[in-house]
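Undergrad: Generate coordinates for the sequence data below:
(chains A, B, C and D)
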Amino acid sequence: MKQKRTGVFVCHCGINIAGTVDVKQVAEKLGKYEGVAHSEEYVYMCSDPGQKLIVDAIKDNKLDSVVVACCSPTLHETTFRNTAETAGINPFQCEIANIREQCSWVHKDMEEATDKAVKITKSMVEKVERNEELEPISVPVTRKALVIGGGIGGIQAALDIASCGHEVILVEKTPSIGGHMIQLSETFPTLDCSQCILTPKMVEVSKHPKIKLMTYSEIQEISGYVGNFKVKILQKPRYVDPVKCTLCDECTKVCPIVVPNEFDLGLTGRRAIYIPFPQSIPASFTLDDAGCPGLLPIACGKCADVCEPEAIDYDQKPEIIEEEVGAIVIATGYDLYEQSYIDEYGHGKIPDVLDGLQFERLCSASGPTQGKVMRPSDHKIPKEVVFIQCVGSRDPELHCAYCSKICCMYTAKHAMLYKHHVPDGQAYIFYIDIRSGGKGYEEFVQRAVEEDGVLYLRGKVSKVFQENGTVKVWGVDTLTGKDIEIDADMVVLALAMRPSQGAEDLAKKLKVATDKDGFFAEAHPKLKPVESVTAGMFFAGSAQAPKDIPETVAQASGAAAKVISILSQERLYHSPMVAKVNPHLCSGCGMCVSVCPYEAIALKDEKAEVNEVLCEGCGTCSATCLRAAINVKNITPLQVSEMINACLGG
Amino acid sequence: MVNLEELKKDAKRILQDKKVKYVIGYRRGVDGYEAIPAFFKAPEECDDLVWDPTCIHNLVRFLRDEKVRKDREKEPDKRPVAIIAKGCDTRAINVLLQEQYISREDVFILGISCEETGVIDGKKLRKKIQGKKIKQIDFNGKDGFSVITEEGKTEVAAKDVMAQRCIECISNYPIDHDIFFGEKKKREPENPFDSLDSLQSMPNEKRWAFWKEHLEKCIRCYACRSVCPMCYCDECVVDTISFAVFADTPAEEKANKIKWLEKSPVSSENFVYHLVRAMHLAGRCIDCGECERVCPVDIPLRHLNKFLEKKAKELFDYQAGFDPEAPALISSFKEEDPEDFIR
Amino acid sequence: MKKEFEPKIIAFLCKWCSSAGSDLAGVSRMEYPSNVVPITVMCSGSMSPLYIFSAFNKGADGVLVSGCHPGDCHYIKGNYYARRRIALVKELLQFIGLEPERFKMSWVSAAEGIKYKEVISEFVEEIKPLGPQTKLRREL
Amino acid sequence: MEKILQKKSLPKWIEKCASYHIYAPVKKDALWHYNIIDKPADVQLDHPNTVISPKKLIFPLREVFFEYQTDDEDKIEIKEKTPKDAPSVVFGIRPCDARALTLTDKVFQGDFADPYYLKRREMTTLVGLTCNTPPGHNCFCLSVDGSPNSKEGFDILMTDMDDRYHVQFLNKKGQKLMEKAKDLFKTPTEKDRKAAENIWKEAEKKIERQIKNIKTIPQKLKGMFESPLWDQESLHCIRCGICTYLCPTCHCFDINDEVLSSSPSKGKRVRTWDTCQFPDFTMHSSGHNPRGDSASRLRQRIMHKFQYFVTKYKNYQCTGCGRCITKCPVGIDIIDVLEKVRDYGS
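TA: Predicted coordinates for the structure are as follows:
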């Protein structure tokens, strides 16, 4: 015997449903189904009159539950649950029977489609019959944000969030914020100086009262849920007290150790104790214990001897700092595809074959050559320079399947910058296609060709190798079909962008999904481009996909807005469709505890206990439980067994 | 060779010293040769203790009753229960520990090695001596016994009457114990899944016919369930009513007991019952073979569990009852678990 | 002439991938046989073997369980547990002599409308020649 | 009426009974079951007793009472399912099992006459076989007012005499069966009679087990409801249904509606066997179970057979077939229990 008075409302969706499903028949059949107290059909249930019709029917027929047979629940579940609520019944007493996406749109035969629609709708009547009334679970919000990554994306997001008065923790794994943008010389399409526009923002971050900057730090562990994440951050020892350090630079003079300088991508060297670049934030030296001959003063200790302010402390230890935050922005950026992977271009072993970032450093006023373009091998001014696009990109067989998006533009910029430095030189660009979508981008490329006489060659380079002091480039111009051989002085590779090192590892800690290429996966490609599938975590910049600066900044502000919308609330509401334990049946075996992906279950006096706030309601526990002692509310085994029967036309 | 007198002595001692509540062991049945489960509460009772290859029962099953009894008592006696356990039985104990159904302090294990002979399959023995009335069996001799019937003495080789599961045994001596009896000499099976080969090599329809013929016989006496040390659920899918019913249980919860299958002993329902049971025991069954032994209509139930045991080993390299700390088969996974069956 | 046998099939779809994938198939107006009636569960990890046995017992000619690809589970790892459990169920059903074609598992992501259509169409085609499933079906 | 039937003529006789469904013990693997027979030659009658008693033919494991269906207008249509008018004959029944049916008759004809049981009973002719081939090791029919040659409950009783059968036709129902093949049956000579009587005497000697002074037990039991004996004797009971399901006299049943959903439009009302050994047997909807433990269930089994039934019907509800002893997974032996009851306190 059915206990409830269920109302069934069948939507025509114009002809979207009615075209292949005999909606009248569905409404009729359901009207006769046990437990259904009222059944009718209407052309657009989601329209205002449609919703009003539902409200009235609920009141007139004293309905206590509702099934709307219409489009996918992903579209109008919320709509109709609100409708039900306005009519005074608990929103969780409203279920959607998807007879459009899963029925009318995929079948042609009216009879078959109608029969299936009836089964689907009946199964939802069976489900709703056994739905509990539920209230959303409310959770207090920790009004503090975590931003991971101190590049332009992270910086922008941090500033936007902080400017709304919310506290922000900005975590950067290197000794200074700035990211890749600080390495760039000039930016397309305006050619303004990258550092000149970034450093003010960096300073703003360091000065902002609401931003807690943690450089040389990494995320170690994250637990919790939207509104209430618990984060453990590893503060690596920098052995130099940023407050005491006066940047006098005496230490580097005495440091015996020289290692390649990351900031210049190995074009120059640095000491074990160093400052990444003059405008570093925080403005402090760092002692790289990887390079340092052991932190034993007996072994070396020269830097400490010469340090006037005694800022150096060899005894610093790694520190774990625990923080609680309400939302997280992931802005871990990108790294370049390994040159060494590209066999045909010399495995990155040819000194005068550079990658894009190295070339940026060469052109940069703060670079190793103070902006003079000289080739690394012999400091000769290169007269013939070949730029190669799509190196590693758009190559599903060997390398990355995707397009790295920004290479067309920065290569054009590189060629242009080169011409500005070496007006009498010749720049060649090998390309597959030119993708210059974006404000002022196409004009920029044209300018490179027309004003700076950059020579674009459509085709791929087959081989790059050294021969008597030059770098030989073999390629083919697919437009003329001619083989091309260039004795270049220098070759610049536009290497693919890939997720930054450690992103994969971080994704696991954050329990955020990544796509096939290792970039962070957005919740919806169109409608949720900055959200992750995990509530409360958002993306900014090329951590999610290759982006240029304006896009990154835009997404960062978008992510910030999302974060602010969370932090600006007193409490958050969480789906109450969570697991529920029947203590009488639970034998305390703890299997549910070990399968729960959210550590939402714990054993208390030999019985399982669910933390409703942590539980996402996946039901893995219920399938694992040997004694059926744990079920997810409103999708219980009883409901499923009744739905099975209804679906089989029982 | 297990020294029965030693066993009796130790059993008496632990009872004497009040170290244990009672001893679950074996004594001689009325028929005069088969052992049956027995509970020894007083030291003097231990003179009736027996150990020989007719001690086929998996006594771990009785820890279920002990637990229920204990939960009922207001001030339960916290002392452990001593239990005589063969290799397979100790694996059963490990599974119960793994599932935190009991804790190690609850049991005092008198571990006994099955050594060469394993235990004997009564059906095989009766067949061997053509159903003659057995008066007594002399078990001395590690690879043969002499059976005394009304028509005199017959010598039978141990391997001829050894239970199939002993022939396929991978743990012929206890892996955990408080006191150990006999010798730790491994008896490696030629093929631990021997009895499955013929079935698995059958064509699908033939295998179906095999199972249909057998499962149609099931009368749902639930002896398989009752004898199984792992079947400790308060409430079973096959029960028509809810057992976890208490003063505070709302009427609808009682009414909402799901009827996954009917009580009727008809083919379809019997299949569902035995399928559910097999899945329920996946990664838990330790092949004590009790379900098959007790089945009054000789359904080869062991094959079902044995098959899943084999698959667990093949697909997931999992074996039940060897490590009480390990995660259970179905509450764990490996990223490289096979998925070639998935579209 | 006698009408061709139309199998009754139940598809258990996880909410986040496979059900969304079937929605996409709908949005893209892909046509496939109507024999399959979907039941949306939260996660393939919530699939109790009982649901599968019960579906056959209540008269299903075929049962499909579909979830997110490994690594893409909305609940991080539910589908890994499902994969293990379902593997055993599949083996067991075959062992007792049910036609292996009648029970299937698939990974269908929210982006794989086409795959959903293919899986369903193939499944129906595979089951048709087998005729009605009577081995586990309860007589009523 | 006594007759002699040559063994080789048995199949001929059975052939003549074609208008009946023929049942007889058939060997499957190691066990014997009463099955329907299509080839008369399959009736061998050289069997020890079957694992499940022939009660299953009269009181089947599953009996559909009726089927029902509701239409859209909630009209309910009910189809009665009383057993068909098809006569059947069962060969080879052992005296203990036939006596058992006379006991279950008392129950099913009692306060309420059970149409399903009685119809089957009426349609079935029981052809017995005395136990002169060695009986089971656990047979004790003599102790419970039975005998290996008992005629009780039979329509026909046969005795194996090597190349011939001594056949007694005990009533009309039985004679009807003889009519089918009159000429196969010869009148026994005095020698035959002597031989038969001799066999019967010998058969009684072959019964190995017995319970002395069983008569005292019903009275004794009256005072033993609270006895600790039940605890002792049931400690190792695993609470399966074997003893009662294999018992030819146990007759408890459960009635369920077989439906596909909890709000069904159609279903069947079905009777299945049930047993006092199952936890749900006396479970109350409150959750209280007056027979919650093994002790009370063993007590119920013994009390019912040797106290309540005796009080009500003047018989033990046990015919000494020994199945419960032979098949008990843990060697609980009803004779042993009864002797302990008998000697309790003395």
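Undergrad: So which residues on the stretch 151-300 of chain D come close to chain C?
TA: Selection of the stretch 151-300 of chain D residues close to chain C by C-beta under 8 Å from any C-beta of the partner chain yields D:258-260, D:266-268. Backbone N, C-alpha and C define where each C-beta goes, glycine included.
Undergrad: among these, which are in helices?
TA: Among these, no member falls in helices (DSSP state H).
Undergrad: among those residues, which are within reach of chain B?
TA: Within these, those near chain B by C-beta under 8 Å from any C-beta are D:258-259.
Undergrad: right, and the pair among the residues of the stretch 151-300 of chain D next to chain C with maximum separation?
TA: The most widely separated members of those, counting by C-beta to C-beta, are D:L260 and D:K268 (10.8 Å).
Undergrad: Where does the prediction get shaky in the chain?
TA: All of this is about chain A. Judged by pLDDT under 70, chain A has its weakly predicted residues at A:294-298, A:650.
Undergrad: right idea, wrong chain: chain B
TA: For chain B (pLDDT under 70), the answer is none.
Undergrad: what does it have sitting close to chain A?
TA: Counting by C-beta under 8 Å from any C-beta, chain B sits next to chain A at B:99-101, B:232-235, B:244-246, B:249, B:252, B:256, B:258, B:260, B:280, B:327-328, B:330-332.
Undergrad: And the stretch 1-150 of chain D, by the same measure?
TA: Checking the stretch 1-150 of chain D against chain A by C-beta under 8 Å from any C-beta, the hits are D:D72.
Undergrad: can you pull out the strands in the stretch 1-150 of chain D?
TA: D:2-6, D:21-28, D:31-36, D:62-70, D:76-80, D:88-93, D:124-129 (DSSP state E, counting those that start in this stretch).
Undergrad: Select, out of those strands, the one closest to A:A113.
TA: Closest among those, using C-beta to C-beta: strand D:62-70, at 26.9 Å.
Undergrad: So is the closest one next to chain C?
TA: No: judged by C-beta under 8 Å from any C-beta, strand D:62-70 stays clear of chain C, getting no closer than 8.7 Å.
Undergrad: Can you point out the buried residues in that strand?
TA: D:62-65, D:67-68 (16 or more other C-beta atoms under 10 Å in any protein chain shown).
Undergrad: what's the neighbour count on the closest residue to D:D72 other than its chain neighbours?
TA: Excluding the flanking residues, the one nearest D:D72 by C-beta to C-beta, 6 or more residues apart in numbering or on different chains is A:K32, at 4.3 Å. Residue neighbour count, defined by other C-beta atoms under 10 Å in any protein chain shown, stands at 12 for A:K32.
Undergrad: What is the subsequent helix or strand relative to the strand or helix carrying C:S66?
TA: C:S66 belongs to strand C:62-67 when assigned by DSSP states H and E. Downstream of strand C:62-67, the first helix or strand assigned by DSSP H and E is helix C:78-95.
Undergrad: sorry, back to before: anything in contact with each of D:L260 and D:K268?
TA: Between them, D:L260 and D:K268 share these contacting residues under C-beta atoms under 8 Å, 6 or more residues apart in numbering or on different chains: C:L140.
Undergrad: Show me where the stretch 151-300 of chain D has its helices.
TA: D:172-179, D:190-206, D:216-222, D:229-234, D:242-246, D:294-303 (DSSP state H, counting those that start in this stretch).
Undergrad: Which strands or helices does the third one pack on?
TA: Put plainly, it is helix D:216-222. Where contact means 3 or more C-beta pairs under 8 Å, 6 or more residues apart in numbering or on different chains; DSSP states H and E, helix D:216-222 is packed against helix D:334-343.
Undergrad: Give me the contact list for the helix it packs on.
TA: B:30, D:138, D:140, D:143, D:209, D:211-214, D:216-217, D:220-221, D:224, D:229, D:233, D:243, D:298, D:302, D:306, D:318, D:324-325.
Undergrad: how about the strands of the stretch 1-150 of chain D in JSON lines, adding mean pLDDT and distance to chain B?
TA: Formatted as JSON lines, the entries for the strands of the stretch 1-150 of chain D read as follows, by pLDDT from 0 to 100; distance: least, C-beta to the nearest C-beta, whole Å:
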{"stretch": "strand D:2-6", "mean pLDDT": "95", "distance to chain B": "28"}
{"stretch": "strand D:21-28", "mean pLDDT": "95", "distance to chain B": "8"}
{"stretch": "strand D:31-36", "mean pLDDT": "95", "distance to chain B": "6"}
{"stretch": "strand D:62-70", "mean pLDDT": "94", "distance to chain B": "5"}
{"stretch": "strand D:76-80", "mean pLDDT": "93", "distance to chain B": "18"}
{"stretch": "strand D:88-93", "mean pLDDT": "96", "distance to chain B": "18"}
{"stretch": "strand D:124-129", "mean pLDDT": "97", "distance to chain B": "18"}
